[in-house]
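A.B. asks: Attaching a predicted model along with its sequence, questions to come.
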Amino acid sequence: MTDTDRATPAAAKHYREVALSVRNLIPLMEQTEVRDQLATLALQYEKLAEGLETLSDSLQMPRSRDFVERERSTERERSTERERSTERERSTS
């Protein structure tokens, strides 16, 4: 199995689920430093998922530039919203 064999939407979904699980731990932590580290870890998993999606997309059949750009824009918006959500969780803890 090569690295590109693992660059699948299912792998990206798995990393997003891990990120969500890590985020769910944040409110349970008492120490600010631990909450910050968990938020950073969750963000790293999100970035890993995004990288896998990008790689997976590049390995598939070429699509129109407009379609790819719309997908990337949507994903950037989702990522921004996830980051805002993490920040809100931090501020309420």
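C.D. replies: That came through, no problem.
A.B. asks: Could you check how many residues crowd around Ala42?
C.D. replies: Neighbour count for Ala42, taken as other Cβ atoms under 10 Å: 24. The way it works is simple: take the backbone N, C-alpha and C, and place the C-beta from them, glycine included.
A.B. asks: from memory it sits against Arg23, does it?
C.D. replies: Yes - contact criterion Cβ atoms under 8 Å: Ala42 and Arg23 qualify, at 4.7 Å.
A.B. asks: which residues are in contact with both of these two?
C.D. replies: Residues touching both Ala42 and Arg23 (Cβ atoms under 8 Å, 6 or more residues apart in numbering) are Thr86.
A.B. asks: Look up how far Ala11 lies from Arg84.
C.D. replies: The spacing between Arg84 and Ala11, counted by Cβ to Cβ, to the nearest Å, is 25 Å.
A.B. asks: For the helix-or-strand element of the chain with minimal mean pLDDT, buried residues please.
C.D. replies: When each helix and strand of the chain is scored by mean pLDDT, DSSP states H and E, helix 65-92 comes last, with a mean of 81. Neighbour-count burial for helix 65-92 flags Arg82, Thr86, Glu89 (criterion: 16 or more other Cβ atoms under 10 Å).
A.B. asks: ok, Glu75 touching Glu53?
C.D. replies: Yes - between Glu75 and Glu53 there is a contact under Cβ under 8 Å: 7.1 Å.
A.B. asks: what's the overlap in contacts for those two?
C.D. replies: The contact sets of Glu75 and Glu53 do not overlap (Cβ under 8 Å, 6+ apart).
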